[in-house]
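Peer 1: Show me how the following folds:
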Amino acid sequence: MKYPLAPAVALPALVLAGAALLVLSLATGSLPLTARELADAMFSGEPSLARDVVLDLRLPRALAAFAVGGLLAVAGAMLQVLLRNPLADPYVLGVSGGASVFALLAIMAGLPAVGVDTAAAIGAFAACLLVFAIAQGQGGWTPTRLLLTGIVVAAGAGSVVSVLLALSDDTGLRGMVFWLLGDLSRTRRWAWLVALLAVAAVGGAALGRHLNVLARGLTQAASVGMDVRRFQVLLFFASSVLTGAAVSAAGAIGFVGLITPHVARLALGSDNRLVLPASALLGGILLMAADLASRALIAPRQLPVGALTALVGVPLFLALMSRQR
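Peer 2: Residues are numbered from 1 along each chain as shown. You can find the predicted model right below:
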């Protein structure tokens, strides 16, 4: 029988792996850099092409990829506990669909990148409110009702996205498709994304005990004095905010929020005080690796990072399913 890894080993290993992958991301690309050239670009004040490439292009993109992957992973871990469904991921509640519709409308209107990101954030928030309002109904919402409502809203948003793609002209179609498949090339707001990820990881670890109780069932959670409904609402809006921030910054990137929490649980067990920080680190590592591959496989051309996460996520999910009894 295989036992979970010790947290004192797994978490530092993830930190070291993330740091090593960050260095590799900074040195790899259309302009490969040696260790000496990378050090000069990072710490030397002299202007150079390598310095511009590293500080203006690669570093913001790599940190944004890490933050977006971590946000999606933490949101996925929260939703899997909230809905008590191992197949729940950040996009199941229609947040990504709402962001996609508003972002494509902004692209069709010719708005700049900031306008597209703002529209995506508004769309994500609007979808979150819509799902919650519909699922509330007259008799109050349940995890099953919330899940079904989110699936229906996501399907409706997908239909609207298809209509918008059919109505768009050829000049904007490529940008719209790349946004839908995940695009990190325009992300410059990495600082607040990293800060939000740090808050999410620390807050998730602090709420880990409550998540453990909620995962055992609503009746048992209520029997120990937990305000179940208030805590569920908190989880719903927290996961929606994290998903909306990730989608507005990088577009729709799938499978990271679904796969990462399962990998963290296999490695560390089911204690959410460890699963959420580990998911934040592991999700960031996975998306940063996918972004590096999207830049390096056919350089100087770039692949959509969301397509690579799906190509890796499908066989990985099947492998995880085959391991479970």
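Peer 1: From now on I want contacts and neighbour counts done on CA atoms only, so please keep to that.
Peer 2: Will do.
Peer 1: Read off the pLDDT value for R188.
Peer 2: Per-residue pLDDT puts R188 at 69.
Peer 1: meant to ask about V194
Peer 2: Per-residue pLDDT puts V194 at 92.
Peer 1: Could you do M226 as well?
Peer 2: With respect to pLDDT, M226 has a value of 82.
Peer 1: For it, which three-state class applies?
Peer 2: Secondary structure, DSSP: H, G, I helix; E, B strand; the rest coil: M226 is coil.
Peer 1: so who does V247 touch?
Peer 2: V247 makes contact with 96, 99, 120-121, 253, according to CA atoms under 8 Å, 6 or more residues apart in numbering.
Peer 1: Among these, name the buried ones.
Peer 2: Buried members of those, counted by 16 or more other CA atoms under 10 Å: 96, 99, 120-121, 253.
Peer 1: which one of the residues you listed sits closest to A65?
Peer 2: Set against A65, the nearest of the buried ones among the contacts of V247 by CA to CA is I253 (10.6 Å).
Peer 1: For the residue lying farthest from the centre of the chain, which three-state class applies?
Peer 2: Most distant from the centre of the chain: E46, at 35.9 Å, with distances by CA atoms, centre = their mean. With three-state DSSP as the basis, E46 sits in coil.
Peer 1: shaky segments in this protein?
Peer 2: Residues of the chain that meet the criterion pLDDT under 70 lie in 1-4, 137-140, 188, 320-321, 323-325.
Peer 1: nearest residue to the residue sitting nearest the centre point of the chain other than its sequence neighbours?
Peer 2: What sits nearest the mean C-alpha location of the chain, by CA atoms, centre = their mean, is L72, with 2.3 Å. Among residues not flanking L72 along the chain, G257 sits closest, at 4.8 Å (CA to CA, 6 or more residues apart in numbering).
Peer 1: I figured the one you found hits A75, correct?
Peer 2: Yes - contact criterion CA atoms under 8 Å: G257 and A75 qualify, at 6.7 Å.
Peer 1: more neighbours, the two?
Peer 2: More crowded of G257 and A75, by other CA atoms under 10 Å: A75, with 33 against 30.
Peer 1: tell me the SS of L234?
Peer 2: Here L234 is helix, with the state taken from three-state DSSP.
Peer 1: From V23, how far out is it?
Peer 2: For L234, the distance to V23 equals 36 Å [CA to CA, to the nearest Å].
Peer 1: residue contacts, the residue nearest to L72?
Peer 2: By CA under 8 Å, 6+ apart, the contact list for G257 reads 69, 72-77, 89-90, 283.
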